[in-house]
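**Student:** next input, structure requested:
(one chain, ligands or ions: 1)
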Amino acid sequence: MKPEKTYLDKLTPTTKAYKVKVKLKEKSRTLISPQKKTRYQQLLFEDEKGNTMRGALFENQIEEYESVFKSNQEYEIANAPLKPVLGRYATRDDDCQMSFGGQATIQPLDPEAKSFEPEYVPIAAIPRTTDLGDRFDVLGIVLFVEETRTITTASGVAHQVREVVITDPSTDQPLTISVWDDLTGTEASLLKSWVGPALIVGFTSLKPSAHKGFSLSTTMATEFHRNPVGERANALRKWSEEQRPLVLERMARICEVRNPAQHDEILTIDAIKQKEVGNTLQEEKHWIKVTIPEPERSRIVPYVGCNNCGKRTENDCDVSYTCKFCNKEKCIATPRITFKFDATDDTGEMTFTAFTQECEALFKLPASEIYAQITTGMFKFEPIAHHLSTTPFLLQIGPATALARNKILTWVPKAIRWN
Ligand SMILES: [Zn+2]
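**Tutor:** Residues are numbered from 1 along each chain as shown. This is a model prediction of the structure:
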């Protein structure tokens, strides 16, 4: 049977004779399947109509097809066996993915094309928008590598993650890269042992994330190039040598901020006001010791909001719903509180907005109680106000995430501690 030209969205597990013209959008590292311990490589193809389809290479195929499949190259693929995609990975009925045994023929449309080289961009040139489809190659001096942590997603899957912080000459705000799963092993450990002004590393195919205001995250195609070549890499090496004291200072700042033992020093409001965008890091946290001389009842706002992101909802309390702000299913409509206040110490005054958790700590009442008392007219603010205005408490503050996104420095409450 002669293969018939078609598009990816028309293919099903039973399609036999076909050919498609596609671009290889993404090629993963070699991965190990957690269940079967087999080696595999994922491919993501896109046709000219924008339809996408995955493909997979297993075990020896990974080496056999190494020189055939190159990122961003175009191919005509015919009769590659189609395997059904089932369960939550399926994007449509009859969804399928390509495998490459049997009668598959793969014709590169530009056989002369060179292998894809990373296109490194300066940190400051990465747009602070979060289009999850964007991919960036970034070159940086590695200032800090975190220990591996395990986090569990909403769907119950455990992931390993560790953050890598890098810098370059384009900005004084360092960039955080969240490194996931297999890359947290040897790859990240090597970075940790060599961390410092001489460690210039290229990170490819990173995707943007709203974590910590703005950061990047590794993808299945990300690779670490520990000895990057080219003009940009050489220029960065030269800059790092010439600016050694500056780079060491940036390193010391990150270590200081990331070391919780040093977070207990109490600063004055005046000292906080001296801080500027150029010398403040997104992860910084400081304690100040303050009172609220004139707490105002009118600045307490009770409302019903999402238990995950805090955004307001029209639903009644305890109703389960899909939140359109955080896009999470099964959010619970929950009582939330905000309270705006002017805090003072001997050196000055600053205005803050406390959110639900801090309000609970300030008023020493659960949010559900505060909400219920206010909405039923039973709330007694006078004793609370008296306490806030006469008893100093410790307020931990940190920069709002607008610092990483827009280089705007405003301080927000992070925690409250009564002595
Ligand atoms: Zn939400």
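**Student:** where does this structure dip in pLDDT?
**Tutor:** 1, 115, 130, 260-263 (pLDDT under 70).
**Student:** got the domain boundaries for it?
**Tutor:** 4-108, 120-258, 262-304+336-417 (automatic domain parsing).
**Student:** can I get the ones you listed in CSV with distance to the ion and mean neighbour count?
**Tutor:** Placement of C-beta: from N, CA and C, glycine included. Converted to CSV, those look like this (distance: least, Cβ to the ion, whole Å; neighbours: other Cβ atoms under 10 Å):
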stretch, distance to the ion, mean neighbour count
domain 4-108, 21, 15
domain 120-258, 12, 17
domain 262-304+336-417, 11, 16
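**Student:** let me have the ones you listed in TSV, extended by distance to Lys324.
**Tutor:** Formatted as TSV, the domains of the chain follow (distance: least, Cβ to Cβ, whole Å):
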stretch	distance to Lys324
domain 4-108	21
domain 120-258	16
domain 262-304+336-417	15
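**Student:** of all these, which lies closest to Asn327?
**Tutor:** Asn327 lies closest, by Cβ to Cβ, to one member of those: domain 120-258, at 10.8 Å.
**Student:** the longest helix along the chain packs against which elements?
**Tutor:** Longest helix in the chain by number of residues, with DSSP state H as the criterion: helix 244-258. Packing partners of helix 244-258 (3 or more Cβ pairs under 8 Å, 6 or more residues apart in numbering; DSSP states H and E): strand 136-145, strand 158-167.
**Student:** how many degrees apart are that helix and strand 158-167 in direction?
**Tutor:** Angle of helix 244-258 versus strand 158-167, following axes from the mean of the first three to the mean of the last three Cα atoms, to 10 degrees, is 150 degrees.
**Student:** what's next to helix 244-258, contact-wise?
**Tutor:** 141, 143-144, 146, 165, 167, 172, 174, 195-197, 240, 262, 279, 281, 283-285 (Cβ atoms under 8 Å, 6 or more residues apart in numbering).
**Student:** do the same with stretch 7-15
**Tutor:** Contacts of stretch 7-15 (Cβ under 8 Å, 6+ apart): 6, 18, 20, 22, 45-47, 49, 51-53, 82-84, 92, 94, 96.
**Student:** for the chain, what's the longest strand?
**Tutor:** The residue-count maximum for a strand in the chain (DSSP state E) belongs to strand 331-345.
**Student:** distance between it and the chain's centre?
**Tutor:** Relative to its parent chain, strand 331-345 has a centroid offset of 26 Å by Cα atoms, centre = their mean, to the nearest Å.
**Student:** need the CA coordinates for that strand. CSV is fine.
**Tutor:** Presented in CSV, the C-alpha positions along strand 331-345 are these (Å, rounded to 0.1, in the frame of the first residue of the first chain):
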residue,chain,number,x,y,z
CYS,A,331,-10.1,23.9,45.8
ILE,A,332,-12.1,24.6,48.9
ALA,A,333,-13.9,28.0,49.5
THR,A,334,-12.4,29.1,52.8
PRO,A,335,-12.6,32.2,55.1
ARG,A,336,-9.7,34.5,54.4
ILE,A,337,-8.6,37.7,56.1
THR,A,338,-6.5,40.7,55.1
PHE,A,339,-5.3,43.4,57.5
LYS,A,340,-3.4,46.5,56.5
PHE,A,341,-1.3,48.1,59.3
ASP,A,342,1.4,50.6,60.0
ALA,A,343,4.2,49.0,62.1
THR,A,344,6.7,51.1,64.0
ASP,A,345,9.9,50.7,65.9
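**Student:** that strand packs against which elements?
**Tutor:** Counting by 3+ Cβ pairs under 8 Å, 6+ apart, strand 331-345 packs on helix 269-273, strand 286-290, strand 300-306, strand 320-321, strand 348-354, helix 356-363, helix 367-375.
**Student:** can I get those in JSON lines with distance to Ala400?
**Tutor:** Putting those into JSON lines (distance: least, Cβ to Cβ, whole Å) gives the following:
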{"stretch": "helix 269-273", "distance to Ala400": "13"}
{"stretch": "strand 286-290", "distance to Ala400": "14"}
{"stretch": "strand 300-306", "distance to Ala400": "18"}
{"stretch": "strand 320-321", "distance to Ala400": "27"}
{"stretch": "strand 348-354", "distance to Ala400": "10"}
{"stretch": "helix 356-363", "distance to Ala400": "14"}
{"stretch": "helix 367-375", "distance to Ala400": "21"}
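**Student:** tell me which of the contacts of stretch 7-15 fall in strands.
**Tutor:** Tyr18, Val20, Val22, Phe45, Glu46, Asp47, Thr52, Met53, Leu82, Lys83, Pro84, Cys96.
**Student:** contacts only, for the third one.
**Tutor:** Translated: Val22. With Cβ under 8 Å, 6+ apart, Val22 has these contacts: Leu8, Phe45, Glu46, Asp47, Met53, Glu74, Tyr75, Glu76, Ile77.
**Student:** for the stretch 51-200 of the chain, what spans make up the strands?
**Tutor:** 52-58, 74-78, 82-84, 96-98, 105-108, 120-121, 136-145, 149-152, 158-167, 175-180, 200-209 (DSSP state E, counting those that start in this stretch).
**Student:** excluding its backbone neighbours, what's nearest Leu236?
**Tutor:** Ile200 (5.4 Å; Cβ to Cβ, 6 or more residues apart in numbering).
**Student:** what number of residues lie near Glu119?
**Tutor:** Glu119: 10 surrounding residues under other Cβ atoms under 10 Å.
**Student:** how about it, nearest residue that isn't a chain neighbour?
**Tutor:** Asp137 is the one closest to Glu119 (Cβ to Cβ, 6+ apart), at 5.4 Å.
**Student:** mind checking how far Leu248 is from Ile254?
**Tutor:** 11 Å (Cβ to Cβ, to the nearest Å).
**Student:** repeat that for Ser189.
**Tutor:** In terms of Cβ to Cβ, Ser189 sits 18 Å off from Ile254.
**Student:** with Arg336 instead?
**Tutor:** Computed as Cβ to Cβ, the Arg336 to Ile254 distance reads 33 Å.
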